[in-house]
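In: Quick one, fold the following:
(4 chains)
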Protein chains: 2
Amino acid sequence: MTGPRGTGLDAMGVRRRVDGGTELLAESTGWLLNGVARAVTAELEQALRRDDLRWREYGVLGTLEATGALSQQEIGRRLGVDRSTMVHLIDVLEDRGLVARSRDRADRRAYSIELTAAGRELLAEVLHPVTAEVHERVIGRLTSEDRATLNRILAELAGTE
Amino acid sequence: MTGPRGTGLDAMGVRRRVDGGTELLAESTGWLLNGVARAVTAELEQALRRDDLRWREYGVLGTLEATGALSQQEIGRRLGVDRSTMVHLIDVLEDRGLVARSRDRADRRAYSIELTAAGRELLAEVLHPVTAEVHERVIGRLTSEDRATLNRILAELAGTE
DNA sequence: TATTGTTATACTCTATAACTATA
DNA sequence: TATAGTTATAGAGTATAACAATA
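Out: Alright, predicted model coming up:
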């Protein structure tokens, strides 16, 4: 299944019939993107269940690992989650000892949310490996070149949102 | 922002530090995929709001257009939606005259859901153009080669799920 | 006995608005 | 006056389980 490489796609990223009629939603980039993302998320959610963790919670931990301490609201901003929704999310992670709340010294209204040693360890020992395993299952069938290309293109799209 | 092209990514699609530690969720394929898909879906949902239609409803119409008549359950299977959830979804589209229910002659427990002329017209005149416009906004900044490549890779992943 | 569509129901997720403490 | 976090609450979306008609 190699299909036409770079041909048959118009400027919109939607394949059109030669007769000028309608094209297939199922082949549009957005549709495919959504389907693949949903598949990956579902598998990841399934895999993380072993550690009683949700995809979203993993997102919080991974964000903190990448950026260092952040306020609840800032984490929510990056994840597309409302600050009211963040409260319970952080509660759960704090109860499990994976993150810690401390008052931001510069602005004492805000918390400074940080990874604990346990949180850092869980990421390194369990979560990243599990994610890698899921990635391997889902995108492992691509050539390594395609994997790198996919990653580059997605990063480009995500970066200029 | 060109970054390393095809380098720095291990077999898992996760960038690793030279020191061997795991790295950056934010650069993993699954994370990027999820973020980009969410952005596209949000924009699409926003655009479809003009026609008082949801992304999911567009999915039903687009699926029927691609495949012809299907049972409610079969549509749900393709969309990852439970049959109980399909009931209301089809109700809405039927009320708007975009699809029609008729009993499947071969199996009279099932409905045969079909696009109406109005449904077909809405797809061609409004929905597909609107989708194309959103695609253009979101992935329009990619080179046409990258767009085609992205589409090909996603189709490959979606096809072998 | 199994399956399609249906309904009632319960559960999850989320945001809105009002509150508090800080700024 | 504005903002971070909190709380209560209400809405959307979803699945589960039981039921009718049909297989």
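In: Could you find the closest non-adjacent residue to the residue nearest to the spatial centre of chain A?
Out: The centre of chain A sits closest to A:Gly59, judged by C-alpha atoms, centre = their mean, with a distance of 6.7 Å. Among residues not flanking A:Gly59 along the chain, A:Leu79 sits closest, at 5.4 Å (C-beta to C-beta, 6 or more residues apart in numbering or on different chains). C-betas here are computed from N, CA, C, even on glycine.
In: Backbone dihedrals for that neighbour, both of them.
Out: phi -100, psi -10 (degrees, to the nearest 10).
In: What of A:Thr116?
Out: Main-chain torsions, A:Thr116, degrees, to the nearest 10: phi -90, psi 170.
In: ok, back up a step: quick check: the residue nearest to A:Gly59 touching A:Leu61?
Out: No - counting by C-beta atoms under 8 Å, A:Leu79 stays clear of A:Leu61, with 11.3 Å between them.
In: Which residue ranges of chain A form strands?
Out: A:99-103, A:111-115 (DSSP state E).
In: Next, format the ones you listed as TSV and append mean pLDDT and mean neighbour count.
Out: TSV is the format used below for these (pLDDT from 0 to 100; neighbours: other C-beta atoms under 10 Å in any protein chain shown):
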stretch	mean pLDDT	mean neighbour count
strand A:99-103	98	15
strand A:111-115	98	20
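In: Any figure for the gap between A:Ile139 and DNA strand C?
Out: 24 Å (C-beta to the nearest atom of the strand, to the nearest Å).
In: same deal with A:Arg38?
Out: To DNA strand C, A:Arg38 is 14 Å away according to C-beta to the nearest atom of the strand.
In: roughly how far apart are that residue and A:Gly30?
Out: Here the criterion is C-beta to C-beta, to the nearest Å. By it, A:Arg38 lies 12 Å from A:Gly30.
In: ok now do A:Leu157, which residues does it touch?
Out: The neighbours of A:Leu157, taking C-beta atoms under 8 Å, 6 or more residues apart in numbering or on different chains as the test, are B:Leu32, B:Val36, B:Ala39, B:Val138, B:Ile139, B:Arg141, B:Leu142.
In: who in chain A is up against DNA strand C?
Out: Within chain A, the positions near DNA strand C by C-beta under 7 Å from any atom of the strand are A:Arg54, A:Arg56, A:Gly80, A:Val81, A:Asp82, A:Ser84, A:Thr85, A:His88, A:Asp107, A:Arg108, A:Arg109.
In: Not counting sequence-adjacent ones, nearest residue to the fifth one?
Out: Right, the one you point to is A:Asp82. A:Gly76 (6.2 Å).
In: burial count for that neighbour?
Out: By other C-beta atoms under 10 Å in any protein chain shown, 20 other residues sit near A:Gly76.
In: what's near enough to touch A:Leu79?
Out: Per C-beta under 8 Å, 6+ apart, neighbours of A:Leu79: A:Arg56, A:Gly59, A:Val60, A:Thr63.
In: Out of those residues, which end up buried?
Out: Buried subset of the contacts of A:Leu79 (neighbour count, 16 or more other C-beta atoms under 10 Å in any protein chain shown): A:Gly59, A:Val60, A:Thr63.
In: what mean pLDDT would you report for the longest helix seen in chain A?
Out: Using DSSP state H, we find that the single longest helix of chain A is helix A:29-48. Average pLDDT, helix A:29-48: 92.
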